[in-house]
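Asks: sequence? don't have it. structure:
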């Protein structure tokens with residue numbers, strides 16, 4: 001007859017797996033149960049809670065959208081305003097480097113049901129040729145045409161979030177360039 005093993009020894013001998021369907025747990029009365037990984041994730045998420053200004057937690061999708069996004073600013077097009085509603089106003093800020101210089105752009109816009117997107121672009125420090133803004137329908141995009149030999153990066157702050165949509169070759173005649181107004 002073999003020696004009696006402790007629970008730690010038994011559990012230590014179990015194979016570790018990443019693809020699971022259920023986890024063994026104890027209910028509030030101490031009875032063994034099986035809980036699906038989806039239900040376990042929901043319970044853990046509820047215990048951690050959502051991030052607020054007062055406490056750390058999980059970042060909600062709506063809150064994640066408004067955080068500054070640190071992105072690759074070479075050979076990339078990002079959607080920075082998505083499906084704007086009528087009369088919606090919000091500023092967008094893009095901070096990026098152009099070689100050894102830094103530039104800061106502010107783009108403010110309004111969607112008018114009669115006139116479409118009305119916008120104002122203000123650029124500070126330098127006027128780069130490889131960073132352009134476009135509008136199409138109710139969306140606004142920023143295009144970075146730097147090549148990847150000297151990777152540039154940018155911070156984009158937009159209430160709509162930031163979505164990589166492709167490389168600059170997606171820009172065609174259906175896009176309208178937004179230029180700086182003085």
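Replies: Done, it's in. In this text, all values refer to a predicted model and were calculated from it rather than measured experimentally.

Asks: and the longest strand for this protein?
Replies: In the chain, ranked by residue count with DSSP state E as the criterion, the top strand is strand 101-112.

Asks: quick one: pLDDT of residue 92?
Replies: Each residue has a pLDDT score; the one for residue 92 is 91.

Asks: ok, it touching residue 107?
Replies: Yes. Under the criterion of Cβ atoms under 8 Å, residue 92 is in contact with residue 107, at a separation of 4.5 Å. All C-beta atoms are positioned from the backbone trio N, CA, C, and that covers glycine.

Asks: before we move on, the earlier item: residues of the longest strand of the chain that come out buried?
Replies: By neighbour count, with 16 or more other Cβ atoms under 10 Å as the criterion, the buried positions of strand 101-112 are 103, 105, 107, 109, 110, 111.

Asks: counting by contacts, list what that strand packs against.
Replies: On a contact count with 3 or more Cβ pairs under 8 Å, 6 or more residues apart in numbering; DSSP states H and E, strand 101-112 meets strand 89-98, strand 116-124, strand 131-136.

Asks: repeat that with 7 Å
Replies: Using 3 or more Cβ pairs under 7 Å, 6 or more residues apart in numbering; DSSP states H and E as the contact definition, the elements that strand 101-112 packs against are strand 89-98, strand 116-124.

Asks: so who does residue 156 touch?
Replies: For residue 156, the residues meeting the contact criterion (Cβ atoms under 7 Å, 6 or more residues apart in numbering) are 68, 69, 71, 78, 80, 94, 162.

Asks: ramachandran angles for it?
Replies: For residue 156, the backbone dihedrals are phi -120, psi 130 (criterion: degrees, to the nearest 10).

Asks: who does it bridge with?
Replies: Beta-bridge pairing of residue 156 under DSSP bridges involves residue 69, residue 94.

Asks: try residue 110
Replies: residue 89, residue 118.

Asks: right, and it touches residue 135 too?
Replies: No. Taking Cβ atoms under 7 Å as the contact criterion, residue 110 and residue 135 are not neighbours in contact, 11.8 Å apart.
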